[in-house]
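# Sharing a sequence plus its predicted fold:
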Amino acid sequence: MPLLPPTPPVRPVPLATIGFSRDLPLLRLQARSFVLHLAEEPGRRIWVVNNDNDPRAFEDAFRTEVLPLYGPHAAQVELVWRGDVVPGFDRLPGWRRQQLLKWGMSRVVQPGLYLTLDSKNCLVRPWRDRDLFTQDGRVRMQRRRLDRNLAPSFHYFVPSDPAETDAEPGYVSNIWTPYALWTRHVTAMMEEIERREGRSAYEVLASSESLFEYALYWAFLVARGADALYDLHAPYLFAGFWFKDGEDAEGVLRTLAQPNVAWFGLHRRIAPAAPALRDRIAAFLAERGVFASAEAARGSLDALAGD
């Protein structure tokens, strides 16, 4: 596959978020954060994929409750129905269908790089397209060690026998959003999967619990030598809360204090979070200007938790 030198695109990088009705509070938070921290760059496209089983209800609520919160970015927002991105697969669990849709957006956005998001991602520092790139033009990407969860995806494209490859699999890209995808590589990866399997790449991903969309994409890049377009060692961009047992809340907050971290993640499963942690998160969101006060932020978090 011919590779171009890694250079930032000439157009603003499109943003692609996927949501459904339960995500509306998070989408409101994301929109508020964009008003504060997303640079107004002419030509930006913000795609929101309607992944709800009641598409009309989601569309009505989004246009009424969320779209006005984008402020100056509202004219750049375009809502697209999931069936127009990836037809079928309506019986899949929403999280798995979401993975297919991230690949499918390669057919919707303009050719080039696009940044995929989840509804839980919001900005907590000023952000311009250039913040996504290193000085030599590579895309900044968070990394993780190759573990048993990602190994099936990695070795789908990269041989597991070290004698068969020059790739060093000790580190791979993480599979968190924001995650930047190149349309041409997504297309080539899907075509390769279809040649191997004799069926669509969407069907392969939908039917396998051990494969993940971003992990397969990274493995394909490594196998083709295109991983040089990304930098896994640059300062990373993201930190967030999953509200899982054993999560290091203080460590997350320390990471968010680092000047390179612009994206914050907040999972829906906030309900079990201790009141003291909700207070800390609310204070952080108010400090970053996403809410006018910690009390307003806490009210939004409590509404998200269903309190």
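Good, I have the coordinates.
# and the gap between residue 104 and residue 67?
Taking CB to CB, to the nearest Å as the measure, residue 104 falls 22 Å from residue 67. Bear in mind the C-beta positions are built from the backbone N, C-alpha and C, glycine included.
# out of those two, which sits in the busier spot?
When residue 104 and residue 67 are compared on other CB atoms under 10 Å, the one with more neighbours turns out to be residue 104, at 24 against 17.
# ok, the residue lying closest to residue 71 once chain neighbours are set aside - how many residues close by?
Across the structure, with CB to CB, 6 or more residues apart in numbering as the measure, the residue nearest residue 71 apart from its sequence neighbours is residue 35 (4.1 Å). Burial of residue 35 is recorded as 17 neighbouring residues (other CB under 10 Å).
# Using the three-state scheme, assign residue 35.
Secondary structure for residue 35, judged by DSSP: H, G, I helix; E, B strand; the rest coil, is helix.
# roughly how far apart are it and residue 82?
Residue 35 sits 26 Å away from residue 82, going by CB to CB.
# my read: the residue nearest to residue 71 touches residue 67, true?
No: in this structure residue 35 lies outside contact range of residue 67 using CB atoms under 8 Å: 12.0 Å.
# any low-confidence regions in the stretch 151-300 of the chain?
Residues of the stretch 151-300 of the chain that meet the criterion pLDDT under 70 lie in 161-169.
# Contacts only, for residue 295.
For residue 295, the set of contacting residues under the criterion of CB atoms under 8 Å, 6 or more residues apart in numbering consists of residue 282.
# where's it, which helix or strand?
Assigning secondary structure by DSSP states H and E places residue 295 in helix 294-305.
# Output that helix as CSV, nothing but the C-alphas.
Backbone C-alpha positions of helix 294-305 (Å, rounded to 0.1, in the frame of the first residue of the first chain) are rendered in CSV as follows:
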residue,chain,number,x,y,z
ALA,A,294,-20.0,23.0,40.9
GLU,A,295,-23.6,22.8,42.0
ALA,A,296,-24.9,23.0,38.4
ALA,A,297,-22.4,20.3,37.4
ARG,A,298,-23.4,18.1,40.3
GLY,A,299,-27.0,18.4,39.3
SER,A,300,-26.2,17.3,35.8
LEU,A,301,-24.2,14.3,37.1
ASP,A,302,-27.0,13.3,39.4
ALA,A,303,-29.5,13.5,36.5
LEU,A,304,-27.2,11.3,34.4
ALA,A,305,-27.1,8.8,37.3
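# List the buried residues in that helix.
Under the neighbour-count criterion of 16 or more other CB atoms under 10 Å, helix 294-305 has 294, 297-298, 300-301, 304-305 buried.
# Equivalent analysis for stretch 99-118, please.
99-106, 108-109, 113-118.
# Quick check: the farthest pair among the residues you listed?
For those, the farthest-apart pair by CB to CB is 100 and 113; their separation is 19.7 Å.
# can you pull out the helices in the stretch 1-150 of the chain?
When assigned using DSSP state H, counting those that start in this stretch, the helices of the stretch 1-150 of the chain occupy the ranges 24-37, 55-61, 82-85, 94-104.
# just so I know, which of those helices lies nearest residue 47?
Within the helices of the stretch 1-150 of the chain, the stretch nearest residue 47 is helix 82-85; the backing value is 9.1 Å (CB to CB).
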